[in-house]
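A.B. asks: coordinates only, no sequence provided:
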């Protein structure tokens, strides 16, 4: 995709200093790829946290459901 952007000279110079990319297009593509990876990772972390919380609620419900079984008088070995 071709586009026109206006970038701060100091940011471009700093980025070129630390990048292995040879062209500005390569540098921008590398930056965008890094940004996408970072944000997709955050989305995954949020989803995992949500699933963990929901699983915790389900685990508590199972414990409540089986609490009567726990008191059935199992033999004490």
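C.D. replies: Nice, I can see it. These numbers come from a predicted model, not from an experiment.
A.B. asks: show me what the lengthiest helix in the chain is packed against.
C.D. replies: Scanning the chain for the longest helix, with DSSP state H as the assignment, gives helix 24-65. Other helices and strands packing on helix 24-65, by 3 or more CB pairs under 8 Å, 6 or more residues apart in numbering; DSSP states H and E, are helix 9-18. Any C-beta I mention is one placed from the backbone N, CA and C, and that applies to glycine too.
A.B. asks: who touches the helix it packs on?
C.D. replies: Contact partners of helix 9-18, identified using CB atoms under 8 Å, 6 or more residues apart in numbering, comprise 24, 27, 31.
A.B. asks: so how far is the helix or strand of the chain with the lowest mean pLDDT off the chain centroid?
C.D. replies: For the chain, using mean pLDDT, DSSP states H and E, the weakest element among its helices and strands is helix 67-70, scoring a mean of 76. Relative to the centre of its chain, helix 67-70 is centred 38 Å away, using CA atoms, centre = their mean, to the nearest Å.
A.B. asks: got any ranges where the protein has weak pLDDT?
C.D. replies: For the chain, no stretch has pLDDT under 70.
A.B. asks: any figure for the gap between the closest residue to residue 30 other than its chain neighbours and residue 28?
C.D. replies: Closest residue to residue 30 apart from its sequence neighbours, by CB to CB, 6 or more residues apart in numbering: residue 21 at 5.5 Å. Distance from residue 21 to residue 28, counting by CB to CB, to the nearest Å: 9 Å.
A.B. asks: one step back: between the contacts of helix 9-18, identify the one with the most neighbours.
C.D. replies: If you count neighbours using other CB atoms under 10 Å, the busiest of the contacts of helix 9-18 is residue 27, which has 18 neighbours.
A.B. asks: return the distance of it relative to residue 15.
C.D. replies: Relative to residue 15, and taking CB to CB, residue 27 is found at 6 Å.
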